[in-house]
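Engineer: Provided below for reference: sequence and predicted model.
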Amino acid sequence: AGNTAATHAARLGAQVTLIERDVIGGAAHLWDCIPSKTMIATGGAIAFTRRLEGMGLEQQAPEVDVDALTERIESIKMRMQRSTTNLLTSQGVELVHGSAKLLSAHEVQITTVDADGMPVVRVVPADAVLVATGTRPRIPDWCRPDGERILVTRDCYPPKVFPESVTIVGSGVTGVEFVHMFSSFGAKVNLVVSRQQVLPGKDPEVAAVLEDDFLKRGVTLLKGARATSIERVVDDAGVEEVVVRCDDGRVLHSSHAVLAIGSVPNTNGLGLESAGVVTDASGYVSINRHCQSNVPHIYAAGDMSGKLPLSSVASMQGRKVAEHVMGLQKVAHRHLDYDKAANAIFTEPEIADVGLAEADAFAVGRKIRVTKVPFSSTPKALINNDWRGFVKIISDPATGVVLGGSIVGRHAAELISVIALAVTANLKV
């Protein structure tokens, strides 16, 4: 969000200063999204080799080169960071490596470190301020990650040692992506599911397809269980392992455990209270449709705004902030509609959805028409030897206007754009 806002505002003539404590390009983007999707892509390549026999080819068993995989991840991160840095500097944005906090509604204190390692503090005035500090993995009181066997998501790109077995706590988007990733690399995976289905916020039919694939891979699903403790122990044979205990008495043993139970906003220490900015009970900054906080010239965007935690949404928020600061909201424009933002989950099969979900329509008593087509009915799915999944379109039975849709299957993340266009443009079926 910050990078997009900075470049777009600079193009519109603003004098922009961007303060970054960690990495230009965004910590969530370069420390989570890019590494995880890179590993998922590698895992997907391995999973594809397991389907070679069905395509008339001899079965192969590839091995993971951890050093090469690590180098691949780092090279992509560095390339993206350089690209973003070059774009910002080409637009005249002042880049400052340091930390910042608000002293008042129009004053920002910037702290950097000089060549001798001494802190340097300066105060700059600001007509408008965008806070886009993202989030960090949530760590509960009953667990202490060590970066070796008890891991948070950012310890896994890749882990120091690939696990022989792993227990993943959390069955949301990140949790199921990690199940796919580690199972593709050959690990025995256990998944602690606090509800009665994985992806509790998604269409039950979508979740069922994913669960079926997990079970075929040998994944153990513990439904209706909540982890209460994770600890490293040494068994009777002298082998170190991780033990995960759940509230219903069930116990899981594995070589590693990964916490994937959400995130918390990085709003502490920003001086928001000094500027009068209000946060909600979880620490997120509440915003309006222009991404303004309760203080009109202080904006929030990205994950810490409490909206959809997607890079695409954050980028669009950043663009909208720049346009609003520079007064472009006075001309014809469109507001962000988070209900019509498409999102994808990079499991195998892939999952993507947009707009109104079938379950949500039933919950409010809205009449809908559901059109569902299985991938198995298309020749291309059969040719690719992967016919898992379906396309589901939700429409208004009276007008035919497309209200939403879900896709489970190969290339769902790309295919959802067609339904997203239909939802946004109110097209009919």
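Structural biologist: Everything's here; your move.

Engineer: now Ala237: which helix or strand?
Structural biologist: Under the criterion DSSP states H and E, no helix or strand holds Ala237.

Engineer: repeat that for Leu215.
Structural biologist: Going by DSSP H and E, Leu215 is part of helix 204-216.

Engineer: quick one: low-confidence parts of this protein?
Structural biologist: For the chain, the stretches with pLDDT under 70 are 331-332.

Engineer: could I get the buried residue list for stretch 36-48?
Structural biologist: Buried residues in stretch 36-48, counting neighbours by 16 or more other C-beta atoms under 10 Å, are found at 36-40, 42-44, 46-48. No exception for glycine: its C-beta is placed from N, CA and C like everyone else's.

Engineer: turn the residues you listed into a markdown table, including secondary structure and distance to Pro397.
Structural biologist: Shown next, in a markdown table, are those (DSSP: H, G, I helix; E, B strand; the rest coil; distance: C-beta to C-beta, whole Å):
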| residue | secondary structure | distance to Pro397 |
| --- | --- | --- |
| Ser36 | helix | 40 |
| Lys37 | helix | 38 |
| Thr38 | helix | 43 |
| Met39 | helix | 43 |
| Ile40 | helix | 38 |
| Thr42 | helix | 44 |
| Gly43 | helix | 41 |
| Gly44 | helix | 38 |
| Ile46 | helix | 44 |
| Ala47 | helix | 39 |
| Phe48 | helix | 40 |
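
Engineer: pull the CA atoms of stretch 251-263 into PDB?
Structural biologist: Extracted in PDB, the C-alpha atoms of stretch 251-263 (Å, rounded to 0.1, in the frame of the first residue of the first chain):
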ATOM      1  CA  VAL A 251      -2.500 -35.300  21.200                       C
ATOM      2  CA  LEU A 252      -0.300 -35.000  18.000                       C
ATOM      3  CA  HIS A 253       3.300 -36.000  17.700                       C
ATOM      4  CA  SER A 254       5.500 -34.600  14.800                       C
ATOM      5  CA  SER A 255       9.000 -33.400  14.100                       C
ATOM      6  CA  HIS A 256       7.800 -29.800  13.700                       C
ATOM      7  CA  ALA A 257       4.800 -27.600  14.300                       C
ATOM      8  CA  VAL A 258       3.700 -24.400  12.500                       C
ATOM      9  CA  LEU A 259       1.400 -21.700  13.900                       C
ATOM     10  CA  ALA A 260      -1.000 -20.300  11.300                       C
ATOM     11  CA  ILE A 261      -3.600 -18.700  13.500                       C
ATOM     12  CA  GLY A 262      -3.900 -15.200  12.100                       C
ATOM     13  CA  SER A 263      -2.000 -12.000  12.600                       C
END
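
Engineer: before we move on, the earlier item: what's the closest of the buried residues of stretch 36-48 to Leu12?
Structural biologist: Lys37 (31.3 Å; C-beta to C-beta).

Engineer: apart from its neighbours in sequence, what residue is nearest that closest one?
Structural biologist: Phe346 (6.0 Å; C-beta to C-beta, 6 or more residues apart in numbering).

Engineer: report the contact partners of the one you found.
Structural biologist: 37, 40, 177, 180, 413 (C-beta atoms under 8 Å, 6 or more residues apart in numbering).

Engineer: cutoff 6 Å now
Structural biologist: Phe346 sits next to 37, 40, 177 when contact means C-beta atoms under 6 Å, 6 or more residues apart in numbering.

Engineer: who are the packing partners of the helix or strand that comes right after the helix holding Leu215?
Structural biologist: On the C-terminal side of helix 204-216, the closest following helix or strand by DSSP H and E is strand 220-223. Strand 220-223 makes packing contacts with strand 188-193 when contacts are defined by 3 or more C-beta pairs under 6 Å, 6 or more residues apart in numbering; DSSP states H and E.

Engineer: what does the strand it packs on contact?
Structural biologist: 165-169, 171, 179, 182-183, 219-223, 225, 227, 252.

Engineer: who does that strand pair with, and is each partner parallel or antiparallel?
Structural biologist: strand 165-169 (parallel), strand 220-223 (parallel) (DSSP bridges).

Engineer: how about the helix holding Leu215 as CSV, C-alpha atoms only?
Structural biologist: C-alpha atoms of helix 204-216 as CSV (Å, rounded to 0.1, in the frame of the first residue of the first chain):
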residue,chain,number,x,y,z
PRO,A,204,-18.7,-25.8,2.2
GLU,A,205,-18.6,-27.5,-1.2
VAL,A,206,-15.3,-25.7,-1.9
ALA,A,207,-13.9,-26.8,1.5
ALA,A,208,-15.1,-30.4,0.9
VAL,A,209,-13.1,-30.7,-2.4
LEU,A,210,-10.0,-29.5,-0.6
GLU,A,211,-10.5,-31.8,2.4
ASP,A,212,-11.0,-34.8,0.0
ASP,A,213,-7.6,-34.0,-1.6
PHE,A,214,-5.9,-33.6,1.8
LEU,A,215,-7.2,-37.0,2.9
LYS,A,216,-6.0,-38.6,-0.3
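
Engineer: now the angle from it to strand 188-193?
Structural biologist: 150 degrees (axes from the mean of the first three to the mean of the last three C-alpha atoms, to 10 degrees).

Engineer: and the contacts of helix 204-216?
Structural biologist: 197-199, 347, 351, 389, 406, 408.
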